[in-house]
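# Sequence and predicted model, in that order:
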Amino acid sequence: MPQSLLAKIARIGGNRLLNQAVDRIDSATPKAKPSLTGTLAGAALVRIASRSVPGAIVVTGGLIAKTLHDRRKAKRQVSGLAQLAAPTDDPA
């Protein structure tokens, strides 16, 4: 009986801690406002995608490609920073 009570308390407390940590991380990231050009481009893409199936396929493919490109770019940036921070075995 006491173990189930302790497990329940741990689950509730752990959930609260996790939510607080996620809120801190989320609030620390800067929010970029979309530009007027980006807003107009997004509206045009939504209009094209909603009018035809091939348009929806093209727009969706473009969004997937952009997401993959952004992920690859971020991964390269992180690995580049890790290489800069790594100590070198330079005997000089």
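Sure, I can see it. Numbering: from 1, shown residues only.
# Can you report how many residues lie near L40?
11 (other CB atoms under 10 Å). For every residue, glycine as well, the C-beta is placed using N, CA and C.
# Contacts for whatever helix or strand it lives in next, please.
Assigned by DSSP states H and E, L40 belongs to helix 36-51. For helix 36-51, contacts defined as CB atoms under 8 Å, 6 or more residues apart in numbering pick out 34, 55-56, 58-60, 62.
# Narrow these to those that are buried.
V59 (16 or more other CB atoms under 10 Å).
# May I see the contacts of helix 36-51 organised as TSV, with pLDDT, distance to R71 and secondary structure added?
As requested, these are exported to TSV (pLDDT from 0 to 100; distance: CB to CB, whole Å; DSSP: H, G, I helix; E, B strand; the rest coil):
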residue	pLDDT	distance to R71	secondary structure
P34	76	20	coil
G55	86	25	helix
A56	87	23	helix
V58	87	21	helix
V59	87	19	helix
T60	87	17	helix
G62	87	15	helix
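# need the contacts of helix 36-51 in TSV with distance to K8, can you?
Formatted as TSV, the contacts of helix 36-51 follow (distance: CB to CB, whole Å):
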residue	distance to K8
P34	44
G55	52
A56	47
V58	51
V59	47
T60	44
G62	48
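# between the contacts of helix 36-51, which is closest to L17?
P34 (33.1 Å; CB to CB).
# Show me where the chain has its helices.
Remark: helices assigned in the chain by DSSP state H are 2-28, 36-51, 53-85.
# mean pLDDT for the ones you listed: which is lowest?
Sorting the helices of the chain by mean pLDDT places helix 2-28 lowest, at a mean of 70.
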